[in-house]
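Chemist: this one's structure only:
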Ligand SMILES: Nc1ncnc2c1ncn2[C@@H]1O[C@H](COP(=O)(O)OP(=O)(O)OP(=O)(O)O)[C@@H](O)[C@H]1O
Ligand SMILES: [Mg+2]
């Protein structure tokens, strides 16, 4: 029967599919005519792994093994040079490049104060709870509110000349709040928005992201259009209250966006009703029908309706404006997140057809 040394020698002829050098053996056990071994590859689970497996089994059987037990391991960081590590994981393409796979979602409204920031942060958290990699940009440079709503206590770090965004509830967040001392106002002119956004894209190390949400400042759409010209593939989600005026202004902003070929992904209606804890009865304090009206006029989808409420402070899975995953409103956000994902996926499917 073969010895451990002979097995090691035989395996030397097997190449790592990415690094093109011998695979590394982490463990060999020989019991009678059964050989079991653990082999480390630079990347496991690839289609080439099967070929490596067949090659090893063939070699060992030719050397006299009757049965072969083979497990794969990943090479550790120490087992690769930094050049090799780069080969295995070339890093994520920059956010604004064409290879970037991130879906950009711009959260807009016509009127201010309808709950864009509340909805953006809760939607970001819901997407993250569903297992997606999510970033959130607080694009309201004057009225930044996201870090407070999510109760983010940490600040960005600078590593290798890149800003590392703080993370909360699994969401990476960037906001002007991090660069403003003591909540003091940032006095900038309009064109700064573009500059600020640009540096949030190019100077921040976001890592790999499935979704990047942008919480836009209030306005009738010009800011959304700026964002669209910078991120042509971004999709807009409109937040409205059920009030007819809010809906009217949102329709105007939405039409402006559509004229510029900016896609409206869907609508979320916020502050839709108040549900009495005692009786369970719904009261429509701000009227009804705002969301439906936008959907009809802009020919888009209604992702969901959110009641008037505040997160439950006792819940550890919560922050000032963030609902826990098991809170009834946390569940509504989960449903909205699923609808958003379904629509994005459907469109990607259509695009590749
Ligand atoms: N469903 C809700 N129930 C109760 N309060 C809410 C709800 N949604 C938002 N609010 C509150 O309403 C206020 C405005 O919400 P938010 O800041 O999210 O709106 P906004 O559209 O981002 O505002 P702005 O236009 O100023 O950026 C906040 O105090 C927020 O906590
Ligand atoms: Mg806001």
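Modeler: Nice, I can see it. Just so it is clear, the structure is predicted and the values come from calculations on it, not from any experiment. Ligands and ions are numbered 1, 2, ... in the order given.
Chemist: quickly list what the residue of the stretch 201-350 of the chain found nearest ligand 2 is bridged to.
Modeler: Residue nearest to ligand 2 within the stretch 201-350 of the chain (C-beta to the ion): residue 215, separated by 5.9 Å. Glycine gets a C-beta too; all of them are placed from N, C-alpha and C. Residue 215 has these beta-bridge partners by DSSP bridges: residue 107, residue 138.
Chemist: thought it was touching residue 147?
Modeler: No. Counting by C-beta atoms under 8 Å, residue 215 stays clear of residue 147, with 11.2 Å between them.
Chemist: the two: who's more crowded?
Modeler: For residue 215 and residue 147, the more surrounded residue by other C-beta atoms under 10 Å is residue 215, and the numbers stand at 29 against 21.
Chemist: quick one: contacts for that one?
Modeler: Residues near residue 215 by C-beta atoms under 8 Å, 6 or more residues apart in numbering: 107, 116, 117, 120, 121, 136, 137, 138, 139, 140, 146.
Chemist: go ahead and confirm the last one touches residue 136.
Modeler: Translated: residue 146. Yes. In this structure residue 146 lies within contact range of residue 136 using C-beta under 8 Å: 6.4 Å.
Chemist: returning to that earlier point: what touches both of residue 215 and residue 147?
Modeler: In contact with both residue 215 and residue 147: residue 138, using C-beta under 8 Å, 6+ apart.
Chemist: hmm, who's touching the host helix or strand of residue 8?
Modeler: For residue 8, the element it lies in under DSSP states H and E is helix 4-11. Helix 4-11 is contacted from outside by 2, 22-23, 25, 28, 30, 35, 37, 39, 56, 59-60, 63, using C-beta under 8 Å, 6+ apart.
Chemist: with stretch 49-57 instead?
Modeler: 11, 14, 16, 17, 23, 37, 39, 41, 68, 70, 72.
Chemist: and it, how far out from the chain middle?
Modeler: 35 Å (C-alpha atoms, centre = their mean, to the nearest Å).
Chemist: so which bits of it are buried?
Modeler: Buried residues in stretch 49-57, counted by 16 or more other C-beta atoms under 10 Å: 52, 56, 57.
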